[in-house]
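1. Pasting a predicted model and its sequence here:
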Amino acid sequence: MRRYFIILTLALAFSGSESALAEASRPNFLIIYTDDHGYGDVSTYGAADVRTPNIDSLAADGMLFTTMRANCTVCSPSRAALLTGRNQDRVGVPGVIRTQPENSWGYFDPSIPTLPDELKKGGYHTAIVGKWHLGLESPNTPNERGFDHFHGFLGDMMDSYMSHLRHGNNYMRLNGDVIEPEGHATELFTQWASDYIKSRSGKKDEPFLLYLAYNAPHFPIEPPADWLAKVKARAPEMEEKRATNVAFVEHLDHHIGEVLKSLDESGLRESTLVIFTADNGGSLPHGQNNDPWRDGKQSHYDGGLRVPFMARWPGHISPGSKSDYAGQVFDLFPTFLELAGATATDPAALDAVSLVSVLKGETDTSSRDLYFVRREGGKAYGGKNYEALIRGEWKLMQNDPYSPLELYNLKNDPGETTNLATKAPKVFNELSAALTARIQRGGSTPWQKP
């Protein structure tokens, strides 16, 4: 009997240490999510006129993804998908949630669990710094949708990065309190994120999720004057609009570097998975760059969908590695849950898939349809949806609800120059049927406040 109790005690001790090891190995998560950031506005992707050494360092120290796409061509739908792991029309956000109700095209379904909701069940502390853009009032404020801490901006965009107002209204908040901070919004969000990271130092028993959602480089393009002067001094021939955007991006990159430095200074670098990505492609009328892809923000051509995406987790992701896996940004939802040892409330409801095997450097041969949808008002859209669907090397799409569907072979024609809608009828019909099913599925979720 004595021997039995010794063996049992040792077994329990071993089990406890194994559990502690699993607990200790769960990473912190930092998502750095920029706004309207073109694939061609990150120098590691080959841009010649913009310098982003801090963003580039994440690829050098981790994994660079070359074929990741946002879930939508505009802001709110991409954010709703990211935070739920479901296509945006299935959570009530097919279009942009705006501060003016008559021009708002979504209502974030309060019944859907969010990424912070799921991680909190696993013992994570959750925070958002920066842009929310998924609701201005209860029940859709950040603290009501899973975040323990919110320091940022509720609205869709700022009329100025210095005033922080939108249509004359102040949407800056610290949790539920209205605040009136002074300074450039990019610099404020950087300071607030760094403060949060430093506050998590030494709390190994409670890992964290920090969703750092910058407004930049979304228009209005407002770099500080000294940053614009530096760009003009080194490239006096650069066109004014482009120079202003380059300066804006470089100012943002510098402050991303400050956030990464705060991880180092807090001793959290090794235990934190850092993701850098964006909500959609850059806005061409504002001097942004999506090369080598066609078009930009609002468009279902790849310039509107392909986004920079890189992941760093020292000791777990091989430095300087690269992946051509064709995924969507909301794949972070099941990825984080898997790494956290957590389970989604309803795993079968997810549209996203985990990237854990890809991050490990394993060849992932899984394939699925990639679905994109946006609803918008005005004369060009009429309050209707337009969609796209990618299956393997084929892409079916339209860029407004009134134009015929277009079909492209992305393998042979990555620039999307030759519409094959009438030349590949079998593929066209198959993808059309698949797209119709997606539209019907999304239509079951209301997108206006009841």
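-> Looks like it arrived, so ask away. Numbering: from 1, shown residues only.

2. so what pLDDT did the nearest residue to Q288 once chain neighbours are set aside get?
-> What sits nearest to Q288 in space, not counting adjacent residues and going by Cβ to Cβ, 6 or more residues apart in numbering, is G282, at 2.8 Å. Backbone N, C-alpha and C define where each C-beta goes, glycine included. With respect to pLDDT, G282 scores 98.

3. Burial check on G282, number of neighbours?
-> 29 (other Cβ atoms under 10 Å).

4. Could you look up the SS state of it?
-> Following DSSP: H, G, I helix; E, B strand; the rest coil, G282 is assigned to coil.

5. Pull up the gap between it and H167, please.
-> Going from G282 to H167 by Cβ to Cβ, to the nearest Å gives 24 Å.

6. ok, now D351?
-> 33 Å.

7. If you count surrounding residues, which of the two has more?
-> The neighbour comparison of D351 against H167 (other Cβ under 10 Å) goes to D351, with 23 against 11.

8. quick one, phi/psi of the more buried one?
-> phi -100, psi -20 (degrees, to the nearest 10).

9. what do you get for Y196?
-> The phi/psi pair for Y196 (degrees, to the nearest 10) is phi -60, psi -50.

10. ok, now how distant is the residue nearest to Q288 from H255?
-> Counting by Cβ to Cβ - G282 and H255 are separated by 18 Å.

11. likewise I317?
-> 23 Å.

12. same check, this time on W447
-> On the measure of Cβ to Cβ, W447 and H255 end up 34 Å apart.

13. How about N280?
-> N280 is 21 Å from H255, by Cβ to Cβ.

14. The two: who's more crowded?
-> Set N280 next to H255 and count neighbours by other Cβ under 10 Å: N280 wins out with 31 against 22.

15. tell me the contacts of the closest residue in space to the more buried one that isn't next to it in sequence?
-> Once flanking residues are discounted, N280 sits nearest to A70: 4.6 Å by Cβ to Cβ, 6+ apart. Counting by Cβ atoms under 8 Å, 6 or more residues apart in numbering, A70 makes contact with S78, T277, A278, D279, N280, G281, L305, R306, V307, Q328, V329.

16. and which of those is nearest to A213?
-> Each of these was scored against A213 by Cβ to Cβ, and D279 proved nearest at 8.3 Å.

17. What separation is there between the closest one and Q288?
-> 13 Å.

18. number of nearby residues for the nearest residue to W132 once chain neighbours are set aside?
-> Once flanking residues are discounted, W132 sits nearest to L154: 5.0 Å by Cβ to Cβ, 6+ apart. Neighbour count of L154, defined by other Cβ under 10 Å: 23.

19. now swap in G152 and tell me
-> Quick note: G152 (other Cβ under 10 Å) scores 30 neighbours.

20. Find me the pLDDT at it, would you?
-> For G152, pLDDT reads 98.

21. Show me where the stretch 51-200 of the chain dips below the pLDDT cut-off.
-> Scanning the stretch 51-200 of the chain for pLDDT under 70 picks out no residues.

22. And I390, which helix or strand is it part of?
-> Element membership of I390 [criterion: DSSP states H and E] is strand 384-391.

23. Mind listing what's buried along that strand?
-> N385, Y386, E387, A388, L389, I390, R391 (16 or more other Cβ atoms under 10 Å).

24. Kindly report the same for stretch 198-212.
-> Going by 16+ other Cβ under 10 Å, stretch 198-212 has these buried residues: R200, P207, F208, L209, L210, Y211, L212.

25. just stretch 105-125 next, same as before
-> So stretch 105-125, judged by 16+ other Cβ under 10 Å, has buried residues 105-109, 112-121, 124-125.

26. name the helices or strands packed onto the top helix by length along the chain?
-> Determined from DSSP state H, the single longest helix within the chain is helix 240-265. On a contact count with 3 or more Cβ pairs under 8 Å, 6 or more residues apart in numbering; DSSP states H and E, helix 240-265 meets strand 28-34, helix 53-60, helix 185-199, helix 225-234, strand 272-278.

27. in that helix, what counts as buried?
-> 242-257, 259-260, 262-263.

28. State the distance from the residue nearest to W132 to P101.
-> 15 Å.

29. got the contact list for stretch 293-301?
-> Against stretch 293-301 from outside (Cβ under 8 Å, 6+ apart): 36, 38-40, 73-74, 280-284, 288, 290, 302-306, 372, 374, 376, 386-388, 397-399, 414-417.

30. those strands in the stretch 351-450 of the chain, which residues are they?
-> Here the stretch 351-450 of the chain has its strands, by DSSP state E, counting those that start in this stretch, at 370-376, 384-391, 394-397, 406-409.

31. Any idea how far the longest one is from the middle of the chain?
-> Read it as strand 384-391. 19 Å (Cα atoms, centre = their mean, to the nearest Å).

32. what angle do it and strand 370-376 make?
-> For strand 384-391 against strand 370-376, the angle by axes from the mean of the first three to the mean of the last three Cα atoms, to 10 degrees is 170 degrees.

33. So which elements touch strand 384-391?
-> Counting by 3+ Cβ pairs under 8 Å, 6+ apart, strand 384-391 packs on strand 370-376, strand 394-397, helix 425-442.

34. Would you mind finding the most buried of these?
-> strand 370-376 (a mean of 25; mean count of other Cβ atoms under 10 Å).

35. follow-up on the earlier one: generate the ChimeraX command that creates a selection of the buried members of the contacts of A70.
-> What follows is the ChimeraX syntax selecting those of the contacts of A70 that are buried according to 16+ other Cβ under 10 Å:
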select :78,277,278,279,280,281,305,306,307,328,329
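
36. Can you lay out the contacts of A70 as TSV showing distance to W192?
-> Putting these into TSV (distance: Cβ to Cβ, whole Å) gives the following:
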residue	distance to W192
S78	22
T277	20
A278	20
D279	20
N280	24
G281	27
L305	30
R306	29
V307	24
Q328	28
V329	23
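
37. Report the separation between I439 and R234.
-> I439 is 49 Å from R234, by Cβ to Cβ.

38. correction: P319
-> Taking Cβ to Cβ, one finds P319 at 29 Å from R234.

39. next one: G168
-> 38 Å.

40. Same check on T84?
-> For T84 relative to R234 (Cβ to Cβ), the value is 43 Å.

41. Looking at the two, which has the bigger crowd around it?
-> Per other Cβ under 10 Å, whichever of T84 and R234 has more neighbours is T84, with 29 against 12.

42. Quick check, that one in contact with P116.
-> No - T84 is beyond contact range of P116, at 10.8 Å (criterion: Cβ atoms under 8 Å).

43. in the sheet, who's paired with G152?
-> Per DSSP bridges, the residues bridged to G152 are G130, R173.

44. can you pull the contacts of it?
-> Per Cβ under 8 Å, 6+ apart, neighbours of G152: I128, V129, G130, K131, W132, P142, M172, R173, F189, W192, A213.
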